[in-house]
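Asks: generate a structure from the sequence data that follows.
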Amino acid sequence: MSALIKIYLLNIEYYLMHKAKYRAAFIALLKTL
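Replies: Next up is the predicted model:
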């Protein structure tokens, strides 16, 4: 059970990390316009 929770939390962390990266790239793109 705890292994599943650990995997779930890692997936959330991974998602949030990439979301922040894409958001930063999007903002950088907007600034060039």
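
Asks: what about Ala3, how many neighbours?
Replies: Neighbours of Ala3 under the rule other CB atoms under 10 Å: 7. C-betas here are computed from N, CA, C, even on glycine.

Asks: same thing with Thr32?
Replies: Around Thr32 there are 5 other residues, counting by other CB under 10 Å.

Asks: Ala20 versus that one, what's the distance?
Replies: Going from Thr32 to Ala20 by CB to CB, to the nearest Å gives 19 Å.

Asks: same check, this time on Leu29
Replies: 15 Å.

Asks: measure Thr32 to Glu13 for me?
Replies: Using CB to CB, we find Thr32 at a distance of 30 Å from Glu13.

Asks: repeat for Arg23
Replies: Between Arg23 and Glu13 the computed distance is 16 Å (CB to CB).

Asks: Leu33 too?
Replies: Relative to Glu13, Leu33 is positioned 31 Å away (CB to CB).

Asks: who's more crowded, the two?
Replies: Looking at Leu33 and Glu13 with other CB under 10 Å, you find the greater number of neighbours at Glu13, namely 10 against 4.

Asks: tell me which element the more buried one falls in.
Replies: Assigned by DSSP states H and E, Glu13 belongs to helix 2-32.

Asks: quick one: pLDDT of Gly1?
Replies: For the record, residue 1 is Met, not Gly. Among the per-residue scores, Met1 shows a pLDDT of 70.

Asks: ah, wrong one, I meant Lys21
Replies: The confidence metric pLDDT takes the value 92 at Lys21.

Asks: lovely, talk soon.
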